[in-house]
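Engineer: build the 3D model from these lines:
(one chain, ligands or ions: 1)
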Amino acid sequence: MLPDIEKLLELQVADKEIRQLQEEIAALPKRVAAIEDKLAGTKAHREAIRAAGKADEANRKKFETAIQDLQGKISKYRDQSLDVKTNDQYKALLHEIQFAEQEIRINEDRILEVMVNVEVREKELKAADAELQAEQAEIEKEKQEARRVTAEDQKKLAEWNAKRDGLRRGMAEDWLRHYERVMKFRGSGLAEAREQKCMGCQVMLRPQTYNEVRIAEKVVVCESCQRILYFDPANEAKVEQQVAEAVHARRRPRPKADAAQAWFYRPDYGEEGEVLLVFTNGGSSSTRRVYEMLTGRQVGGVLAREGTYRLAFPEDLTDTAVRLNGHWEEEEMVEWAAEIPSSALDILHNDLRAAQREHAKAGGHKPHSPSPAEHTAAG
Ligand SMILES: [Zn+2]
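Structural biologist: The predicted model follows:
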């Protein structure tokens, strides 16, 4: 292997570590902010309970005053009834007294209702207080943890940055720039050439290009993705062995590189995390749809760009992208609307698992996994 490429491979490891550390450092304050949001929500909930309690108290006073007024009225009617002259007048007063007594009963019921409410609210308030206390403790713990992890990450970052600077010194300027440009857009600047293919973009290499990479007399780049290519004889031997094994075992069909529709899995799609992407080439343009990996719900709309998808969406095809088997007609996908139906989602999930098993067997190190648990199993 060319010394420059050996250095670039080390540089790529350093660059990936640095990026991961930077992402981790940036993510920590977000986690603390999320708990702080929750805390604010609990505080607001507690305030709402207290306000409702105050309203109850005011209502109870209002109902008590109403009862006193009604009792006053009743004794006034009773006094008047001693002086009435006619039976009709007497009946009218009796009716007023009955009406007032009925009103008193209504207000007594209301007071009872309020008292039941007060009991419920006291319990709610206690629960909210406990929750608040737990969340405050949690946020303190999280903040401490974030400070600790950040300090550790900063230290590691400084070490990796020093290593990176050391590697860059004395490296051919042209190739360093080329590597950095491709790294920036694709998440990796180098790719292994294996089985006649660029492992970065999975495109077949021309025989002459592949041979040039194997001979390793000069630096060669993939014409399709521009990654700098290297050849690892140890992996080629592994591949040959794997091919021999595959003759006996049923093998996952390999997605066609030139298919008009291509599905991919990405474990690291920005804020969305794990997603499924589907690209469709049509005429002189191509489209992209993005779906949540686990639910199949569509993220955003259909994006169309000029050119075939490999040229139009290079930023999506990082080397963590796993190409999947699967094909559905455009009309059918339009009918899905905002969600992949479970039948189609199962096919994609199964194929991803098969791809990950294959990758694990091949001794891969790329984290192509739908969950942290399986990640450990596959890695
Ligand atoms: Zn390539």
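Engineer: all strands of the stretch 201-350 of the chain, in order?
Structural biologist: 220-221, 228-230, 261-269, 273-282, 285-292, 298-306, 322-324 (DSSP state E, counting those that start in this stretch).
Engineer: now tabulate those strands in JSON lines and tack on distance to residue 90, mean pLDDT and mean neighbour count.
Structural biologist: For every residue, glycine as well, the C-beta is placed using N, CA and C. Converted to JSON lines, the strands of the stretch 201-350 of the chain look like this (distance: least, CB to CB, whole Å; pLDDT from 0 to 100; neighbours: other CB atoms under 10 Å):
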{"stretch": "strand 220-221", "distance to residue 90": "112", "mean pLDDT": "95", "mean neighbour count": "22"}
{"stretch": "strand 228-230", "distance to residue 90": "111", "mean pLDDT": "96", "mean neighbour count": "24"}
{"stretch": "strand 261-269", "distance to residue 90": "86", "mean pLDDT": "94", "mean neighbour count": "22"}
{"stretch": "strand 273-282", "distance to residue 90": "83", "mean pLDDT": "93", "mean neighbour count": "19"}
{"stretch": "strand 285-292", "distance to residue 90": "79", "mean pLDDT": "94", "mean neighbour count": "20"}
{"stretch": "strand 298-306", "distance to residue 90": "79", "mean pLDDT": "92", "mean neighbour count": "13"}
{"stretch": "strand 322-324", "distance to residue 90": "93", "mean pLDDT": "92", "mean neighbour count": "21"}
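Engineer: export those strands as a markdown table, with columns for distance to the ion.
Structural biologist: Shown next, in a markdown table, are the strands of the stretch 201-350 of the chain (distance: least, CB to the ion, whole Å):
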| stretch | distance to the ion |
| --- | --- |
| strand 220-221 | 8 |
| strand 228-230 | 8 |
| strand 261-269 | 15 |
| strand 273-282 | 16 |
| strand 285-292 | 18 |
| strand 298-306 | 20 |
| strand 322-324 | 13 |
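Engineer: now render those strands as CSV, adding distance to residue 138.
Structural biologist: CSV is the format used below for the strands of the stretch 201-350 of the chain (distance: least, CB to CB, whole Å):
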stretch, distance to residue 138
strand 220-221, 50
strand 228-230, 47
strand 261-269, 27
strand 273-282, 23
strand 285-292, 28
strand 298-306, 30
strand 322-324, 36
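Engineer: out of the ones you listed, nearest to residue 193?
Structural biologist: With CB to CB as the criterion, residue 193 lies closest to strand 228-230 of the strands of the stretch 201-350 of the chain, at 4.5 Å.
Engineer: identify the residues contacting that closest one?
Structural biologist: 1-2, 5, 8-9, 175, 178-179, 182, 189-193, 198, 205, 209, 213, 216, 219-222 (CB atoms under 8 Å, 6 or more residues apart in numbering).
Engineer: residues contacting residue 28?
Structural biologist: Applying CB under 8 Å, 6+ apart, one finds that residue 28 lies in contact with 146, 149, 150.
Engineer: thinking again about what came up before, can you select the buried ones from the contacts of strand 228-230 in PyMOL?
Structural biologist: Selection of the buried residues among the contacts of strand 228-230 in PyMOL, burial being defined by 16 or more other CB atoms under 10 Å:
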select buried, resi 2+5+8+9+175+178+179+182+189+190+191+192+193+198+205+209+213+219+220+221+222
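Engineer: picking up where we left off before, can you tell which of the strands of the stretch 201-350 of the chain is closest to residue 132?
Structural biologist: strand 273-282 (30.3 Å).
Engineer: next one: residue 84 relative to residue 94, how far apart?
Structural biologist: Going from residue 84 to residue 94 by CB to CB, to the nearest Å gives 10 Å.
Engineer: read off the pLDDT value for residue 117.
Structural biologist: Turning to residue 117, the model gives it a pLDDT of 90.
Engineer: and the closest residue to it other than its chain neighbours, how many neighbours does it have?
Structural biologist: Distances taken as CB to CB, 6 or more residues apart in numbering place residue 56 nearest to residue 117, at 5.3 Å, with adjacent residues excluded. By other CB atoms under 10 Å, the residues close to residue 56 number 18.
Engineer: how about residue 56, secondary structure?
Structural biologist: Using DSSP: H, G, I helix; E, B strand; the rest coil, the structure places residue 56 in helix.
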